[in-house]
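In: Please work out how this folds:
(2 chains)
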Number of protein chains: 2
Amino acid sequence: MRVIRLLPRKADEMKKVSQRKTESSKQPLDPQIDHSVGLVQTNYFHFALPPNELILEGGEKLGPITVAYETYGKLNDQRSNAILILHALSGDAHAAGFHRREENPGWWNNMIGPGRAFDTNRYFIICSNVLGGCRGTTGPSSINPKTGKKYGLDFPIISISDMVNVQKHLIDHLEIDQLLSVAGGSMGGMQALEWLASYPDRVKGAVVIATAAKHSPQQIAFHEVGRQAIMADSHWKDGYYYGGHSPVKGLAVARMIGHITYMSEVSMAEKFGRRLSGNGKPHKFSIGFKVEEYLHNRGDHFVKRFDANSYLYITKAIDTFDVSRGRELYEVLRGNKAKVLVLSFKSDWLYPASQSKEIVKACKLAGVDTTYCEIDSTYGHDAFLLEVEEETHLIKHFLHKVSFEQGVIGEYEVREYAI
Amino acid sequence: MRVIRLLPRKADEMKKVSQRKTESSKQPLDPQIDHSVGLVQTNYFHFALPPNELILEGGEKLGPITVAYETYGKLNDQRSNAILILHALSGDAHAAGFHRREENPGWWNNMIGPGRAFDTNRYFIICSNVLGGCRGTTGPSSINPKTGKKYGLDFPIISISDMVNVQKHLIDHLEIDQLLSVAGGSMGGMQALEWLASYPDRVKGAVVIATAAKHSPQQIAFHEVGRQAIMADSHWKDGYYYGGHSPVKGLAVARMIGHITYMSEVSMAEKFGRRLSGNGKPHKFSIGFKVEEYLHNRGDHFVKRFDANSYLYITKAIDTFDVSRGRELYEVLRGNKAKVLVLSFKSDWLYPASQSKEIVKACKLAGVDTTYCEIDSTYGHDAFLLEVEEETHLIKHFLHKVSFEQGVIGEYEVREYAI
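Out: Take a look at the predicted model:
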């Protein structure tokens, strides 16, 4: 299945598009000068302050809660142009632009900025770190006010629904009645589905990328082995390792497993083949192949920025996620007025297109206005971070369509992007 | 691609076959009474005794070497009916029958016995544990004669070629000039290919199941993460853990990763779905789903019978295996007189059919008499141990064809199996 075209295409439009595509591939956007949101900083929102607490899906209570978030662009006077970006397992609130004295931009920088897919000239973009995370929002490495120490495994079990509930509190705090759209890939796509299911009146659109309405046993299995690798690390100490050594070896193994599933056989073959690594190490089972070196580097890099307990809590939230709670998905979505864009990638074997098609089928059965595209890519699951041009094209048009329905822009602008 | 038929099929033969198939599915063979090789025991062959040593592919020397092996059936007077069975990563010499006071039969029991695929009424079946293993053949957990202690990481790096060289010494010892066939799946298939390449005059046939002529980077990556899990275990102690705690947690994680790759998405969905496990454990990240329980059980079971260092050495031998040593595969096989049967399984994503087809293509280019079948199975890589009926049918006929060429049986018997 390919793009379901939304508007008729005219011959002269096609010509214009083809010219534009050629030009843009010759003169790529310069992220530093024209299309970056530039210097940004993280904000913090606190709620569930004493005597209040947030009641979680599992029945436990949690508070106070801090939410780390960033915003790019300007909220319009009608407060109708806000888009909430939802991050994947290892993401954070820093989706775009640069932090002072840091080299790397936000994790979806090439998708967010003036003229980009999430165009900050038009939209007010919000991204927050999820509940249970370790990048500013309350999680197992936060201080437990009851003990004065870091939570560790005293942190309650959280769900994707809890993450989205916390996001809703943030949106309330920002006095945004309705989001123009929510958008995310992988676990971010699950949150987008959860927004549709739990707060149908609060979202006008949802961009759901490379995800599933619930995990298959194979997807659960990969996560479980990662969790086992962390818990097998003697430094894990039943989750109460703060202040001592962290279970970095176990976490690195978990991340390495993840990276295998994020790439495709083809992308690995193209990137590494059976080339050898020049990295000589002391013992017999040191790195031999380039692909091993890559995995080691990714693992080593990851443990510097991520908390092992957060990895446990978040992967468990993903595995137990079932947006329809055992019901038929179309029943949950019935009557939903939001427009939905579902994207999948041909070589993504972790979240195969079949799972996206199930979402699309349920949306269609529920009468939800839905567009689907399976993008031709060899990048595997990583494609959602890499296939910028294809995604930009599809998301830009989708957001214009939703904006047009909202009366934010005129018809001409919609047609311009109907390519 | 399906079976390449070897002999014309007649309508009445087909009818007979179809009847037989129905009967056999109604009245399955009784392994205990009619078709088992019964009680068996492991034998030990010692070579490379002082002052001799075996020179390994990597240039290092090793000796003395013990080889654990079993045999089933009877070697004929011409010594021309011997078949060498080659085991996979975690296999051993005990391929069929029962050991005294043990409940479980050998690992390929349903394929070896009177009337079975490897018919012990006709053939003399040999199976030995590989070099580097931990089930009777010399490996890293054997005593190093130079120190009087277990080798640990002083054991030299070994290759698939070294394993096969050791097998050749065993075959020499058994005074078998030519094997009627070698046969194996997964790593066993690699050994079969290595026999073809290194000792073309010593084999008349080769059954090559669910394997590759060399590992892809994705296959290397899965192994490497398993190795990392073992080496991340604090009990591993750079490989010198004998006498103390073994790195059982790391080894269990490695095995769990393996098991994910041995099953298919479909077989996992059929076997477990998202069903929950009843197994309540103390902390939050204990087993939740059935699929997790399965992986834990497999991991726990494995560490009782397998040595972590053997896992490192053998997986490394698999990863570095390249039967053609960088040359074109067909060049290595050119002029080979052996007949080859290549089998793959549709849902096997660890050793996909495409890798088997590369082997077939090279055999065809080299002018080797080759038959190929991609068996329709949902079991993934495990299929090679589970699709007994299909394999029996194909292998029985293949072995008859090779036997016929050898003059061991008459034409009638070949045609009987040409179904």
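In: For the residue lying closest to residue A:382 once chain neighbours are set aside, report the pLDDT, please.
Out: In space, residue A:382 comes closest to residue A:262 once its chain neighbours are excluded; the distance is 4.8 Å by CB to CB, 6 or more residues apart in numbering or on different chains. Just so you know, the C-beta spots here come from the backbone N, C-alpha and C atoms, and that holds for glycine as well. Predicted confidence (pLDDT) for residue A:262: 98.
In: Check whether residue A:262 really touches residue A:351, as I assumed.
Out: No - Residue A:262 is not in contact with residue A:351 according to CB atoms under 8 Å; the separation is 10.0 Å.
In: which neighbours do the two share?
Out: In terms of CB atoms under 8 Å, 6 or more residues apart in numbering or on different chains, residue A:262 and residue A:351 are both contacted by the residues residue A:381.
In: Up against chain B, what does the stretch 301-419 of chain A have?
Out: If contacts are counted using CB under 8 Å from any CB of the partner chain, the residues of the stretch 301-419 of chain A sitting beside chain B are A:312, A:316, A:319-320, A:322, A:349, A:352.
In: Show me the residues you listed that map onto helices.
Out: When DSSP state H is applied, these are split such that A:312, A:316, A:319-320 fall in helices.
In: Quick check: which ranges of the stretch 251-400 of chain A have low pLDDT?
Out: Across the stretch 251-400 of chain A, residues meeting the criterion (pLDDT under 70) sit at A:279-283.
In: any idea how far residue B:404 is from the residue nearest to residue A:128 when sequence neighbours are not counted?
Out: Across the structure, with CB to CB, 6+ apart as the measure, the residue nearest residue A:128 apart from its sequence neighbours is residue A:69 (3.7 Å). When CB to CB, to the nearest Å is the yardstick, residue A:69 and residue B:404 sit 76 Å from each other.
In: who has more neighbours, the two?
Out: Neighbours of residue A:69 and residue B:404, each counted by other CB atoms under 10 Å in any protein chain shown, are more numerous for residue A:69; the result is 24 against 16.
In: what residues are up against the more buried one?
Out: Each residue near residue A:69 by CB under 8 Å, 6+ apart is listed here: A:42-45, A:93, A:126-129, A:170.
In: Ok, residue A:79 next?
Out: When contacts are counted by CB under 8 Å, 6+ apart, residue A:79 is found next to A:175-177.
In: cool, and residue A:363?
Out: Here residue A:363 is in contact with A:330, A:333, A:340, A:342, A:370 (CB under 8 Å, 6+ apart).
In: 10 Å - rerun?
Out: A:193, A:196, A:206, A:208, A:329-330, A:333, A:336, A:338-340, A:342, A:369-372 (CB atoms under 10 Å, 6 or more residues apart in numbering or on different chains).
In: Which ones among those lie within helices?
Out: Among the contacts of residue A:363, the subset assigned to helices under DSSP H consists of A:193, A:196, A:329-330, A:333.
In: how about these in a markdown table, adding neighbour count?
Out: A markdown table is the format used below for the ones in helices among the contacts of residue A:363 (neighbours: other CB atoms under 10 Å in any protein chain shown):
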| residue | neighbour count |
| --- | --- |
| A:193 | 31 |
| A:196 | 26 |
| A:329 | 21 |
| A:330 | 16 |
| A:333 | 26 |
